[in-house]
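K.L.:
coords below, sequence missing:
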Ligand SMILES: O=C(O)[C@@H](O)C(=O)COP(=O)(O)O
Ligand SMILES: [Zn+2]
């Protein structure tokens, strides 16, 4: 007999798998980072606070009603407000990933970069998956005013970088959010490797030619 797996069971398993994959490949560490994903009902699943993304339990993920009320699972990530504000601003978002990936964090600490777009379009994949990357001013983790600052930047960008903290990326699906976050981290690494070199990012025309891909 074929078992019918519900959308929620599948999404819970996907969050656990993505968390483990990111953790095992050192995209985040300790109990840093958090992931959320939206069900077609509008309810949200979120990683609990102080949980390692490497060893999540699908049954213990926090659950929010479509109205934003915590209705099940463990105590949610302290960044629940931040995730909720990403969904408010990015209407097509199906998932949000926040990490402390080392190279992106390093970029978030460099002074003097263009705060409206921190990284140049070094590759086509970066241009396609991330695009523009604004900086959000520093706030302590879990500060509710951080959510307002993120909302302002997320109006025109699906990826933002929290100063002295890390990236927050929305995607239409969990995989899209994961892949964009990975692309951001790898491009941050390239950017740091190339500092001091004469570089040749994609031109505006080359970027325009990628639209819709
Ligand atoms: O940096 C922080 O403290 C949070 O943004 C974080 O990454 C982990 O917090 P929890 O999700 O509450 O464990
Ligand atoms: Zn964090």
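P.N.:
Thanks, I have it. In this text, all values refer to a predicted model and were calculated from it rather than measured experimentally. Ligands and ions are numbered 1, 2, ... in the order given.

K.L.:
low-scoring pLDDT stretches of the chain, where are they?
P.N.:
1-2 (pLDDT under 70).

K.L.:
can you pull out the helices in it?
P.N.:
Ranges of helices in the chain, per DSSP state H, are 7-24, 80-89, 102-109, 124-129, 144-154, 174-193, 204-208.

K.L.:
Of those helices, which is nearest ligand 1?
P.N.:
Ligand 1 lies closest to helix 80-89 among those, at 7.7 Å (Cβ to the nearest ligand atom). Every C-beta, even on glycine, is put in place using the N, C-alpha and C of the backbone.

K.L.:
and the angle for the closest one with helix 144-154?
P.N.:
Relative orientation of helix 80-89 versus helix 144-154 (axes from the mean of the first three to the mean of the last three Cα atoms, to 10 degrees): 30 degrees.

K.L.:
circling back to that earlier point, turn the helices of the chain into a markdown table, columns for distance to residue 33.
P.N.:
Converted to a markdown table, the helices of the chain look like this (distance: least, Cβ to Cβ, whole Å):
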| stretch | distance to residue 33 |
| --- | --- |
| helix 7-24 | 7 |
| helix 80-89 | 12 |
| helix 102-109 | 11 |
| helix 124-129 | 18 |
| helix 144-154 | 15 |
| helix 174-193 | 9 |
| helix 204-208 | 29 |
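
K.L.:
Adding distance to ligand 1, write those helices out as a markdown table.
P.N.:
Formatted as a markdown table, the helices of the chain follow (distance: least, Cβ to the nearest ligand atom, whole Å):
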| stretch | distance to ligand 1 |
| --- | --- |
| helix 7-24 | 11 |
| helix 80-89 | 8 |
| helix 102-109 | 10 |
| helix 124-129 | 22 |
| helix 144-154 | 9 |
| helix 174-193 | 13 |
| helix 204-208 | 31 |
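
K.L.:
For the ones you listed, could you give me CSV that also reports mean neighbour count?
P.N.:
CSV is the format used below for those (neighbours: other Cβ atoms under 10 Å):
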stretch, mean neighbour count
helix 7-24, 17
helix 80-89, 22
helix 102-109, 19
helix 124-129, 19
helix 144-154, 18
helix 174-193, 21
helix 204-208, 11
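
K.L.:
Looking at those, spot the one closest to residue 115.
P.N.:
helix 144-154 (9.5 Å; Cβ to Cβ).

K.L.:
how far is the closest one from where the chain is centred?
P.N.:
14 Å (Cα atoms, centre = their mean, to the nearest Å).

K.L.:
Determine the set of other helices and strands touching it.
P.N.:
Here helix 144-154 touches helix 80-89, strand 135-136, strand 159-162, strand 166-171, going by 3 or more Cβ pairs under 8 Å, 6 or more residues apart in numbering; DSSP states H and E.

K.L.:
try 6 Å this time
P.N.:
Helix 144-154 is packed against helix 80-89, strand 135-136, strand 159-162, with contacts defined by 3 or more Cβ pairs under 6 Å, 6 or more residues apart in numbering; DSSP states H and E.

K.L.:
Let me know which of the ones you listed is the nearest to residue 211.
P.N.:
strand 159-162 (16.7 Å).

K.L.:
Can you give the contact residues for that closest one?
P.N.:
108, 118, 130, 133-136, 150, 153-154, 167-169, 184 (Cβ atoms under 6 Å, 6 or more residues apart in numbering).
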